[in-house]
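**Student:** Just a sequence and a predicted model for now, questions to come.
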Amino acid sequence: MKNKYTELIKGLTDKELLFHLYITQAILLAISFLLGIILYDRFSFLQTIKFNDIKIISVGLPAGIAVVLIDIALMKCLPVSYYDDGGLNERIFRNRKVIHIALIAGIVALSEELLFRGILQTKVGLVMASIIFAIIHYRYLFNWFLFSNIVLLSFLIGFIFEWTNNLAVTMIMHFTIDFLLGLYIKYKRSTDIGEEKGVAP
């Protein structure tokens, strides 16, 4: 199964990968819209998005940075196979401009936090929402370490939402994680290529 998935990823062009990424996020937003109509009165869950909350800066941003720093430290200590997602993240971020990485991170943070924290967690609870969030990241199911990682991350983000009751906090945290890891992938690859060619980083 994992080999078929890896071959599928390799068979797609970078443009096709981006297209699938954006379509997936559009579907998540559509699901959020439909569930918002069905489960909430006048999209009342949107009231949990409060951008005038200091916790966005004091909690969301540093929590996102901390997750990235821990992740990078683990990447340097653990075998490469532990972070093998079939090459998808590298394909998505390696040749993107910084502004495009920010756009991708912003769309993903918005769509996923609206659905998994704003709608699902509020209705079915932290545990169920976190499990669904992990399963939806299909590519990580083939790697026990990445799957464990995404489950723990989902619980952490969910806990922060429970604590702050502010979706803007978790959106900023999610954005920070994806954006900084995207930059890391982009510039780490540039450094690796430079080292292969004998150019100093």
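**Tutor:** Cool, got the structure. Source: prediction; values computed, not measured.
**Student:** Show me which helix or strand of the chain is least confident by mean pLDDT.
**Tutor:** Here the helix or strand of the chain ranked lowest by mean pLDDT, DSSP states H and E is helix 2-11, holding a mean of 66.
**Student:** Check which element follows that one along the chain.
**Tutor:** Sequence-wise, the next helix or strand downstream of helix 2-11 (DSSP states H and E) is helix 14-39.
**Student:** What average pLDDT does that next one get?
**Tutor:** For helix 14-39, the per-residue pLDDT values average out at 93.
**Student:** Work out for me the element the residue nearest the centre of the chain sits within.
**Tutor:** Taking Cα atoms, centre = their mean, the centroid of the chain lies closest to Asp178, which sits 5.3 Å from it. Assigned by DSSP H and E, Asp178 falls within helix 167-196.
**Student:** Neighbours of Tyr22, how many?
**Tutor:** 14 (other Cβ atoms under 10 Å). To be clear about C-beta, it is placed using only N, CA and C from the backbone, and glycine gets the same treatment.
**Student:** Correction: the previous question concerned Lys15.
**Tutor:** 8.
**Student:** Please name the residues that touch it.
**Tutor:** Lys15 makes contact with no residue, according to Cβ atoms under 8 Å, 6 or more residues apart in numbering.
**Student:** State the distance from it to Ile92.
**Tutor:** Distance of Lys15 to Ile92, given as Cβ to Cβ, to the nearest Å: 11 Å.
**Student:** now Val127
**Tutor:** With Cβ to Cβ as the criterion, Val127 and Ile92 are 29 Å apart.
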